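Q: Okay, sequence plus prediction incoming.
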2 protein chains.
Amino acid sequence: MLTKQPGMAAMPATPREQAAGSNLLFLREAELRLAQDLLFFGYRDFTAGPDRLLAELNMGRAHHRVLHFVGRAPGMTVGDLLGILSITKQSLGRVLQPMIEDGYVTQAAGRVDKRQRLLSLTEKGAGLERRLYDCQREWVMRAYREAGPAAVEGFRRVMRGLMGEDARAELERLERAAQG
Amino acid sequence: MLTKQPGMAAMPATPREQAAGSNLLFLREAELRLAQDLLFFGYRDFTAGPDRLLAELNMGRAHHRVLHFVGRAPGMTVGDLLGILSITKQSLGRVLQPMIEDGYVTQAAGRVDKRQRLLSLTEKGAGLERRLYDCQREWVMRAYREAGPAAVEGFRRVMRGLMGEDARAELERLERAAQG
DNA sequence: GGAGAAGCGTCAACAATGCTGACCAAACAA
DNA sequence: TTGTTTGGTCAGCATTGTTGACGCTTCTCC
């Protein structure tokens, strides 16, 4: 249970402390270590609710991603989805095809480009997505309430900063598609 | 590329908009959808740097977690680590044993309880951990600088809120062990 | 001192989700 | 017409999680 062990007390603080040299750098290091911890624990618990729900339906996190993003921008192409998820079409296919067969997602041939398959959620798919969303809504709202509006704004700014260029572009397109 | 597809424009906005009823709820929904997106893209890109580095050494994210947490609280027991990671000992064993054999991590029998194996990083392990840390340091510092100090504080508050009770306790112990 | 519990390791099997490489078909574009 | 793009599929493999079942050493309690 992370009780202090005998071996620890004898050490000259942490190895980091020596390497840091200045107190400023040391503080900065502690800050960043904390960020690593927060992202690990936070992301894990953020996804825990949906994961439990999905497990009952023999689905995984990958299915949730498809439901989320297709629900967010209905009519998107397979290529769009691949771009957003940054995975191969083989990986996507293994998740997407069963979801189409089980009636969670529908495909429609594109009207301007018949090669494209435009993806949307069926009622069944939208229903499941909403249940998963509700899970996370509760959880995130709790965190938002506890932290307050100013913190939420800061959270968003930092998370945006943690995204790469590609993801920022992807997100902008998504937000436009969601209700441009 | 998420260009507006013909099918989309004909739809009565999004299904969400109808379900929402009030404008307030609708705005709240958009906020939470954004949170989902930010966490997905942000976490993915936050881990992308280390992932690339690890791949060259035939390691994965699980190895990074071990390096990170053992480095954070040297002398922790196997049980501690299992508690932090929330995985089974079999899953951990498959990652940890090779890391011990390859000289990244050392085990020492506990002095008060000889059943325990106290884990620490070797110099080799600490070196690799530092390289991985540097990757993320750059990335997080960039995000912190862009967002500003107030945003960083907000980010931390929200991330803490996204953690469950267990994770909060785990984090407290970690912070104490890191330099109590 | 002996019984049971706790901490750790390990074997085997399985599932989810990534990856590469190789092909194929339909539709578009030059 | 020819070449490219979009999407689908098969086969194989790696990582990382899961259960279930044992075994060994050590601690704790009666």
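A: Everything's here; your move. Numbering: from 1, shown residues only, chains lettered A, B, ... in the order given.

Q: And the helices in chain A?
A: A:6-9, A:15-20, A:23-56, A:61-72, A:78-85, A:89-101, A:123-147, A:149-162, A:165-179 (DSSP state H).

Q: what's the least confident stretch among the ones you listed?
A: For the helices of chain A, mean pLDDT drops lowest on helix A:6-9, to a mean of 39.

Q: give me the residue from chain A nearest DNA strand C.
A: In chain A, the residue found nearest to DNA strand C is residue A:60; the distance is 1.7 Å by C-beta to the nearest atom of the strand. For glycine as for every other residue, the C-beta is placed from the backbone atoms N, C-alpha and C.

Q: Quick check: pLDDT value at that residue.
A: Residue A:60 is given a pLDDT of 96.

Q: Residues touching stretch A:141-155, excluding its own?
A: Residues from elsewhere that reach stretch A:141-155 (C-beta atoms under 8 Å, 6 or more residues apart in numbering or on different chains): B:31-32, B:147-148, B:150-155, B:157-162.

Q: Now which of those residues would you call buried?
A: Using 16 or more other C-beta atoms under 10 Å in any protein chain shown as the burial test, these include B:32, B:147, B:151-155, B:157-162 as buried.

Q: Please name the nearest non-neighbouring residue to the residue in chain A that chain B sits nearest to.
A: In chain A, the residue found nearest to chain B is residue A:154; the distance is 2.3 Å by C-beta to the nearest C-beta. Residue nearest to residue A:154 in three dimensions, not counting chain neighbours: residue B:154, with 2.3 Å by C-beta to C-beta, 6 or more residues apart in numbering or on different chains.

Q: just residue A:161 next, same as before
A: residue B:143 (2.9 Å).

Q: residues near the one you found, how many?
A: When counting by other C-beta atoms under 10 Å in any protein chain shown, one arrives at 23 neighbours for residue B:143.

Q: Ok, residue A:141 next?
A: By other C-beta under 10 Å, 15 other residues sit near residue A:141.

Q: what's the spacing between it and residue B:28?
A: 8 Å (C-beta to C-beta, to the nearest Å).

Q: likewise residue A:54?
A: 24 Å.

Q: who has more neighbours, the two?
A: Of the pair residue A:54 and residue B:28, residue A:54 is the one with more neighbours under other C-beta under 10 Å, namely 21 against 15.

Q: list the contacts for that one?
A: A:60, A:61, A:63, A:64, A:132.

Q: mind running it again at 7 Å?
A: Taking C-beta atoms under 7 Å, 6 or more residues apart in numbering or on different chains as the criterion, residue A:54 is in contact with A:60, A:63, A:64.

Q: Just the CA coordinates for stretch A:133-141, please, in CSV.
A: Output in CSV follows, covering the C-alpha atoms of stretch A:133-141 (Å, rounded to 0.1, in the frame of the first residue of the first chain):
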residue,chain,number,x,y,z
TYR,A,133,-22.7,9.5,-23.1
ASP,A,134,-24.9,9.7,-20.0
CYS,A,135,-22.3,7.7,-18.1
GLN,A,136,-19.6,10.2,-18.9
ARG,A,137,-21.9,13.2,-18.6
GLU,A,138,-22.5,12.4,-15.0
TRP,A,139,-18.8,11.9,-14.4
VAL,A,140,-17.6,15.0,-16.2
MET,A,141,-20.4,17.2,-14.8
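
Q: Tell me the buried residues in it?
A: A:133, A:135, A:136, A:137, A:139, A:140.

Q: How many residues are close by the residue of chain A found nearest DNA strand D?
A: Chain A approaches DNA strand D most closely through residue A:79 (2.8 Å), counting by C-beta to the nearest atom of the strand. Using other C-beta under 10 Å, residue A:79 is surrounded by 14 other residues.

Q: Setting the sequence-adjacent residues aside, check what's closest to residue A:33.
A: residue B:72 (6.5 Å).

Q: Cross-check the contact I'm expecting between that neighbour and residue B:175.
A: No. Checked against C-beta atoms under 7 Å, the pair residue B:72 and residue B:175 is beyond contact range at 9.0 Å.

Q: The two: which has the busier surroundings?
A: residue B:72 (21 against 16).

Q: what's around residue A:93, how many residues?
A: Neighbour count of residue A:93, defined by other C-beta under 10 Å: 13.

Q: next one: residue A:71
A: Residue A:71 sits with 24 neighbouring residues when counted by other C-beta under 10 Å.

Q: Next: residue A:112.
A: 8.

Q: try the one 3 residues further on
A: Neighbouring residues of residue A:115 were enumerated by other C-beta under 10 Å; the total is 9.

Q: next one: residue A:101
A: If we define neighbours as other C-beta under 10 Å, then residue A:101 has 9 of them.

Q: any idea how far residue A:93 is from it?
A: From residue A:101 to residue A:93 the distance is 12 Å (C-beta to C-beta).

Q: now swap in residue A:160 and tell me
A: 31 Å.

Q: cool, residue A:134 as well?
A: 29 Å.

Q: before we move on, what about residue A:127?
A: For residue A:127, the distance to residue A:93 - C-beta to C-beta - is 24 Å.

Q: before we move on, what about residue A:46?
A: 27 Å.

Q: who touches the residue nearest to residue A:33 in this structure?
A: Here residue B:72 is in contact with A:33, B:174, B:178 (C-beta under 7 Å, 6+ apart).
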